[in-house]
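Peer 1: One predicted model, sequence on top.
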Amino acid sequence: MAYVITCGDEGIQINIGTRLGILGSGFELTGFPQVVKVLKKLFGKDLRITANEENEWIKERLGLANWERTNDSMQQQIKALADEQKLLYAGLIPFTDPRQLKHEIKGHMVRPKTIHIANKICFTLSGGEQTYHLGHYLICAEWVSGVSKKVAKEFLTTQVEFYQKQAKMELPFVFEMDGELGEEVATANKQVLEDLGFKAS
């Protein structure tokens, strides 16, 4: 199964492939190169990456006025990021029926346009998103024991704070323990998260 870095937006559904959720697909996130390095060790060097429609992180970071410009800009920025980090760019995840993208990835956006409905943040700990949950922002955390605690704390905090601001409330945390890396890795990653202050609510 192909692993794909996507935004953690709760509307993204990957129908073919396994999703690793990172805010804005890693665009302008401090520590992203270190995280990618660990993810490649865990899941192989042919990691995929996608853009998606209505990405508020990109819109804010680039000061864009509308979704059309944001969608175009995200594609350009994530293509460039893919080249820089030697990732396979799979394309744009749209608000349509499931669309076949490049590099064995298929997916689409399933939340309502312009509306965010997430009420939790889910950290994946052992192999990306195993069960799709529309009500969760997704944060990939399989890599946390492979970087310094300082890098991990900043990388995760930026994402959590952005999602809480977007949701206009403090969001509870849940953990997804299943995945090909196994229970031992999941438990170790959960411990690191808890040490950093990210505890299940």
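Peer 2: Okay, I see it.
Peer 1: what's across from the closest residue to residue 9 other than its chain neighbours in the sheet?
Peer 2: Distances taken as C-beta to C-beta, 6 or more residues apart in numbering put residue 52 closest to residue 9, at 6.1 Å, once the chain neighbours are dropped. In this view, the C-beta of every residue, glycine as well, is placed from N, C-alpha and C. On the basis of DSSP bridges, residue 52 is bridged to residue 93.
Peer 1: pretty sure residue 52 is touching residue 7, no?
Peer 2: Yes. With contact defined as C-beta atoms under 8 Å, residue 52 counts as touching residue 7 (5.4 Å).
Peer 1: what residues are shared contacts of those two?
Peer 2: By C-beta atoms under 8 Å, 6 or more residues apart in numbering, residue 52 and residue 7 have these common neighbours: residue 25.
Peer 1: Look up how far residue 188 lies from residue 10.
Peer 2: Relative to residue 188, residue 10 is positioned 26 Å away (C-beta to C-beta, to the nearest Å).
Peer 1: higher neighbour count, these two?
Peer 2: residue 10 (27 against 15; other C-beta atoms under 10 Å).
Peer 1: re the thing from before, can you pull the contacts of the residue nearest to residue 9?
Peer 2: 6, 7, 9, 11, 12, 25, 74, 92, 93, 94, 109.
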